[in-house]
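A.B. asks: Output the structure for:
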Amino acid sequence: MMAPNTKTVGLLCADSSDLYLAKAVYFIEKKLSENGYHSMLCTTGYTFQRKQESLQLLLSKQMSAVVLVGSHFIGQEDSESDYIREAAKKTPIVLLNGEIDHPNIFSASCDDYQATKDATTMLIEDGATSLLYFYDTQSYSGRKKQSGFKDACAEKGITDTFHLLYVGDREDIDGVATRVERLWDSGMHFTGIVCSEDYLALGTVKFARRYGIAIPKNLQVIGYNNSLLTKCCDPELTSVNNHLEEISEEVVKALISVLNGGTFPEKKLFKGELVKRDSTRL
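C.D. replies: Next up, the predicted model:
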């Protein structure tokens with residue numbers, strides 16, 4: 001059973017204040033509008049119950065399709081994604097930066113695992129031997145990034161000189177800097193920092209300036225998302241471009257094709273690209 005084409009597409013977003021998610025919503029809404037579609041946005045937060053309830057709300061409004069913006073909707077356990085599979089029996093579901101292999105679900109995402117692995121490998125090959133990985137989520141995408149970092153370290157024989165650091169408040173850049181300071185003061189002196197988000201990298205640059213650590217001479221920093229924040233510090237940040245605009249365009253392109261009677265294409269995986277700036281020697 002498929003939903004009627006009401007020319008309205010539902011969008012689910014966990015956090016509309018998140019720079020990545022907000023930009024994704026903007027791109028998707030823009031492309032939908034260009035194709036004659038309206039959109040309805042629900043901001044869910046991060047609890048499993050709210051995600052389920054919000055998806056059911058959109059289904060009750062007879063959406064032509066639903067786009068899940070970001071990877072937070074995919075559970076760590078496979079059964080935690082069953083609510084998405086059930087929804088796909090009623091209407092087309094599109095995942096931006098997530099993946100579920102199921103009928104009537106299309107996925108378009110960046111290869112976060114390989115992009116993070118490649119960036120980490122470059123740092124190690126350039127001489128960084130004591131590494132910090134800084135992250136803020138254990139979402140589907142977040143787990144891929146972390147695995148890429150760990151595997152790069154393992155393949156290069158770095159097993160006891162890397163550290164993982166979690167921080168939960170994405171707006172507290174001063175707090176990010178303070179967390180890194182505590183590690184440094186405890187004796188963990190690293191020469192390379194890989195971050196799962198650009199704002200985390202911004203915090204590490206702030207830490208380095210406070211402590212008089214020269215970037216990139218004595219410390220190299222890599223961010224992720226290639227956002228506007230990369231230009232908001234000195235030195236400017238090297239960051240992974242995850243091709244968000246292209247992924248968003250692919251999402252809408254696939255969706256419009258299905259709503260016009262076609263079928264979903266194969267899932268689309270984009271290759272992340274490291275944009276080199278002055279926070280690294282690469």
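A.B. asks: Quickly note the distance from the nearest residue to Y135 once chain neighbours are set aside to I213.
C.D. replies: Leaving out its chain neighbours, the residue that sits closest to Y135 by C-beta to C-beta, 6 or more residues apart in numbering is S196, at 4.0 Å. (Each C-beta comes from the backbone N, C-alpha and C, glycine too.) Distance of S196 to I213, given as C-beta to C-beta, to the nearest Å: 21 Å.
A.B. asks: before we move on, what about T178?
C.D. replies: Noted for T178: a distance of 15 Å to I213, by C-beta to C-beta.
A.B. asks: ok so, going back, mind listing what the residue nearest to Y135 touches?
C.D. replies: Counting by C-beta atoms under 8 Å, 6 or more residues apart in numbering, S196 touches 116, 133-137, 142, 145-146, 224.
A.B. asks: any idea which of these is closest to T8?
C.D. replies: Distance to T8, by C-beta to C-beta, is smallest for T137 among those, at 29.7 Å.
A.B. asks: Give me the pLDDT for L19.
C.D. replies: According to the predicted model, the pLDDT of L19 comes to 89.
A.B. asks: got a list of what it touches?
C.D. replies: 198-199, 225, 227-229.
A.B. asks: E155 too?
C.D. replies: When contacts are counted by C-beta under 8 Å, 6+ apart, E155 touches T121.
A.B. asks: now it: how far from Q220?
C.D. replies: Distance from E155 to Q220, by C-beta to C-beta: 19 Å.
A.B. asks: One more: G212?
C.D. replies: Taking C-beta to C-beta, one finds G212 at 16 Å from Q220.
A.B. asks: who has more neighbours, these two?
C.D. replies: Neighbour count, other C-beta atoms under 10 Å: between G212 and Q220, Q220 has more, with 23 against 7.
A.B. asks: partner residues bridging the more buried one?
C.D. replies: Under DSSP bridges, the beta-bridge partners of Q220 are G192.
A.B. asks: these two touch, right, it and L123?
C.D. replies: Yes - taking contacts as C-beta atoms under 8 Å, Q220 lies within contact range of L123: 5.8 Å.
A.B. asks: where do the contact lists of the two overlap?
C.D. replies: In contact with both Q220 and L123: 192, 280, 282, using C-beta under 8 Å, 6+ apart.
A.B. asks: State whether the second one and L219 are indeed in contact, as I suppose.
C.D. replies: In this case it means T280. No - in this structure T280 lies outside contact range of L219 using C-beta under 8 Å: 9.8 Å.
A.B. asks: what residues do the two have in common as contacts?
C.D. replies: Common neighbours of T280 and L219 (C-beta under 8 Å, 6+ apart) do not exist.
A.B. asks: Pretty sure D198 sits against G223.
C.D. replies: Yes - if you go by C-beta under 8 Å, D198 and G223 touch, sitting 3.9 Å apart.
A.B. asks: Between these two, point out the one with more neighbours.
C.D. replies: G223 (30 against 24).
A.B. asks: Quick check: phi and psi at the residue lying closest to that one once chain neighbours are set aside.
C.D. replies: Leaving aside its sequence neighbours, G223 sits nearest to A201 (C-beta to C-beta, 6+ apart; 3.4 Å). For A201, the backbone dihedrals (degrees, to the nearest 10) come out as phi -60, psi -40.
A.B. asks: Check T43 too.
C.D. replies: phi -100, psi 120.
A.B. asks: and what of the one 4 residues further on?
C.D. replies: Summarising the backbone geometry of T47 under the convention degrees, to the nearest 10, its torsions are phi -80, psi 150.
A.B. asks: D18 is in contact with H72, correct?
C.D. replies: No - using C-beta under 8 Å, H72 makes no contact with D18, being 9.5 Å away.
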